[in-house]
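Trainee: give me coordinates for this.
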Amino acid sequence: MKIILSTDNAHKLKEIAELLDGKVELLSKTEAGYGDIHPVEDGDTLEANALIKIKDIQSGAEDFIIGDDTGLFVRALNGEPGVYSARYAGAEGNDEKNRTKLLKALEGIEDRSAYFKTVIAVKHGNETYTVEGICSGRITEEERGDAGFGYDPIFVPNGEEKTFAEMTDDEKNKISHRGRALQAFIKSINLA
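Mentor: Residues are numbered from 1 along each chain as shown. Predicted structure coming up:
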């Protein structure tokens, strides 16, 4: 059995490979021969975008094809950046610009509560389904830490003092939205 992850994002591949801990073979879409497929994530929800990512990839009956989408939802901003998290500051998807825009939008706002949500779409043979993981927390007033990617330097999970970017990979993977979604996927295919 193989898992084909419909992405070439090195950060996602690394994070998911660590969570799978060698239990199955993980391939990027390019490694699986689908590097020329570039789906347009134009869905209105994380679920829609995750499903778009797996739509055009085919594989053997034993293989699982997964695609994910993640959003950061900030209460004081009515759920922004949400489904547009990767493109919050523009179509080019620059992490630093996205964080800067979000911190500026929250200047002077006391309620900094937010949550990350990851949806993983799974295709196995003729079956397609989704699983999700959520991690609630708050947005800091400034960036902290050098690890991770995206909004990790400005997000502190509930019950923690460190941002995701200040945590080790192991610490983050145990509590993160992607870690929780992947655990739900692993459970759904009886790998747990």
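Trainee: residue ranges with poor pLDDT in this protein?
Mentor: Along the chain, the model assigns pLDDT under 70 to residues 61, 192.
Trainee: residue ranges of the helices in it, please?
Mentor: Secondary structure of the chain (DSSP state H): helices at 10-20, 46-54, 95-105, 169-175, 177-188.
Trainee: what's the nearest residue to the residue nearest in space to the middle of the chain if we skip its chain neighbours?
Mentor: Among the residues of the chain, the one closest to the centroid is T70, at 3.9 Å (C-alpha atoms, centre = their mean). Leaving aside its sequence neighbours, T70 sits nearest to T118 (C-beta to C-beta, 6 or more residues apart in numbering; 4.4 Å). Bear in mind the C-beta positions are built from the backbone N, C-alpha and C, glycine included.
Trainee: beta partners of that neighbour?
Mentor: T118 forms beta bridges with T70, G133, as assigned by DSSP bridges.
Trainee: and it, what does it touch?
Mentor: Residues near T118 by C-beta atoms under 8 Å, 6 or more residues apart in numbering: 46, 68-70, 132-134, 177-178, 180-181.
Trainee: let's see if you can find the most crowded of the residues you listed.
Mentor: D68 (29 neighbours; other C-beta atoms under 10 Å).
Trainee: neighbours of the closest residue to it other than its chain neighbours, how many?
Mentor: Excluding its sequence neighbours, the residue lying closest to D68 (C-beta to C-beta, 6+ apart) is I120, at 4.6 Å. Look at I120: counted by other C-beta under 10 Å, it has 27 neighbours.
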